[in-house]
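Q: How does the following fold in three dimensions:
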Amino acid sequence: MSKPRILCLHGGRSNNDITAIQTQGLQISARVECIFMHAPHTLKHGYPGLDLFSDGPWYTWADSSKSLSDQEDQWDASLKYMAKFCKEHGPFDGVYGFSQGAAIVTNFSSPEIWKERFHMSCCPWKFAILACSGASQYLTIKKGTAVDVPSFHIFGKKDKLLIDGKKIAEYWASSCKVAHTHGRGHEIDARMFAREEEMMVKLNDFLDENLSTKKWGFFPKISMPECYLLGHSFGGTGSKK
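A: Now for the predicted structure:
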């Protein structure tokens, strides 16, 4: 039996290498097949500190250093890129997004986007995991209309974007929303599962309920994930040696 598939999206100024570390830290890659996708816009430099874990290149969904008009154009292009990717490689059982990636997941999960704009017959995923959400200023969907998709929200107690992350969480239906706050900042590291036992219980319960196959079980010790790296122009990515 093949594993369920989850689309995994990095944050701004990041790449698939970093998301692979995060999916290990949450042990998502132990339960599902991870499909990684780079954002369409390239940058010269990544988020400070990420060069310790990856040689690049670096990507973003919208470059905050550009003019507001350029940022809006880039975000719109990212939505189009997402639609193309999902039509060619989806549908998926679920989706994972970190920071700016969580924002574009929220945006695309609304019927205003996948249905009305891109004429898709259904949302390309059945549930969403959103970690340290940020970049709420880019959302183009109407406030007050909840995204009716099961969602799991991870906040960081010391995250400088915590308030923004909670703004994004408000777009999701409360009837099928689960949340947990870990003790650190704007991060999901490779050992998160070892420190945050309560969060892992909640997350595995959420996956048990929403995956369309039988329970895969909980693996307390795993190696780096074996998964597909589908990046910019549907190419691959390098990794830090």
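Q: bridging residues for the most centrally placed residue in the chain?
A: Among the residues of the chain, the one closest to the centroid is G97, at 0.9 Å (CA atoms, centre = their mean). On the basis of DSSP bridges, G97 is bridged to L9, L130.
Q: what about it, distance to H180?
A: Relative to H180, G97 is positioned 16 Å away (CB to CB, to the nearest Å). Placement of C-beta: from N, CA and C, glycine included.
Q: how about the strands in the protein?
A: For the chain, the strands defined by DSSP state E occupy 5-9, 33-37, 41-43, 58-60, 94-98, 128-131, 151-156, 177-182, 228-230.
Q: Could I have the CA atoms of the first one written out in CSV?
A: Taking only C-alpha atoms (Å, rounded to 0.1, in the frame of the first residue of the first chain), the coordinates of strand 5-9 have been written out as CSV:
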residue,chain,number,x,y,z
ARG,A,5,1.1,12.3,-0.1
ILE,A,6,1.6,15.7,1.4
LEU,A,7,2.6,18.8,-0.5
CYS,A,8,5.3,20.6,1.5
LEU,A,9,6.0,24.4,1.1
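Q: That strand vs strand 94-98, what angle?
A: 20 degrees (axes from the mean of the first three to the mean of the last three CA atoms, to 10 degrees).
Q: can you tell which of the strands of the chain is closest to A20?
A: Evaluated over those, closeness to A20 peaks at strand 33-37, with 6.7 Å, by CB to CB.
Q: packing partners for the closest one?
A: strand 5-9, helix 16-25, helix 68-89, strand 228-230 (3 or more CB pairs under 8 Å, 6 or more residues apart in numbering; DSSP states H and E).
Q: can you list these in a markdown table and add mean neighbour count, distance to C34 and mean pLDDT?
A: Below are these laid out as a markdown table (neighbours: other CB atoms under 10 Å; distance: least, CB to CB, whole Å; pLDDT from 0 to 100):
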| stretch | mean neighbour count | distance to C34 | mean pLDDT |
| --- | --- | --- | --- |
| strand 5-9 | 26 | 5 | 98 |
| helix 16-25 | 24 | 5 | 96 |
| helix 68-89 | 16 | 12 | 98 |
| strand 228-230 | 19 | 7 | 39 |
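Q: returning to that earlier point: turn the strands of the chain into CSV, including distance to Y81.
A: Shown next, in CSV, are those (distance: least, CB to CB, whole Å):
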stretch, distance to Y81
strand 5-9, 11
strand 33-37, 9
strand 41-43, 9
strand 58-60, 11
strand 94-98, 14
strand 128-131, 18
strand 151-156, 22
strand 177-182, 27
strand 228-230, 12
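Q: worst average pLDDT in those?
A: Among those, strand 228-230 carries the lowest mean pLDDT, a mean of 39.
Q: In this structure H89 contacts I35, no?
A: Yes: counting by CB atoms under 8 Å, H89 touches I35, with 6.6 Å between them.
Q: Perfect, that will be all.
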